[in-house]
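Q: Structural data only, the sequence is not supplied:
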């Protein structure tokens, strides 16, 4: 079971990824394409071309680990993005929806309080 803080940043790579990549290959994607430090404590999500496999890459302060899920049927749904986008930042709730197969288009977020950031 994965438990994330709501302050956890999750970066979803939008282009299909070869699922043969392991720690080094996924770290290189995070660094070179996403321009993020894989050891930052952020999480990086990668989905294959058929969208039936998902890998999460994370750093726990001592080392990297990969969480890997293969669906027996169906696929993971990516958020709608422009064709030029390589990655998008999602929150842990959206990640949970993707992992659990909830349709992102029909899920609606109710209005909640949020602090305005100082300009």
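A: Alright, I've got the coordinates. Please read all numbers here as calculations on a predicted model, not as lab measurements.

Q: the helices in the chain, which residues?
A: Taking DSSP state H to define them, one finds helices in the chain at 23-32, 92-100.

Q: Tell me how many other residues crowd residue 13.
A: Using other Cβ atoms under 10 Å, residue 13 is surrounded by 21 other residues. The way it works is simple: take the backbone N, C-alpha and C, and place the C-beta from them, glycine included.

Q: Now do the residue nearest to it when sequence neighbours are not counted against residue 114, distance only.
A: Spatial nearest neighbour of residue 13, chain neighbours left out: residue 46 (4.9 Å); criterion: Cβ to Cβ, 6 or more residues apart in numbering. When distance is defined by Cβ to Cβ, to the nearest Å, residue 46 is 29 Å away from residue 114.

Q: So for those two, which residue has more residues nearby?
A: More neighbours surround residue 46 than the other of residue 46 and residue 114, with 25 against 6 (other Cβ under 10 Å).

Q: returning to that earlier point: for residue 110, which of the helices of the chain is the nearest?
A: Residue 110 sits nearest to helix 92-100 of all the helices of the chain, at 11.9 Å, using Cβ to Cβ.

Q: if we can go back for a sec, list the beta-bridge partners for the residue nearest to residue 13.
A: Taking DSSP bridges as the rule, residue 46 bridges to residue 55.

Q: Please name the residues that touch it.
A: Applying Cβ atoms under 8 Å, 6 or more residues apart in numbering to residue 46 gives the contacts 13, 17, 19, 21, 26, 29, 54-57.

Q: For it, report the pLDDT, please.
A: pLDDT recorded at residue 46 is 96.

Q: low pLDDT regions in the chain?
A: Under the criterion of pLDDT under 70, the regions of the chain flagged as low confidence span 1-4, 117, 119.
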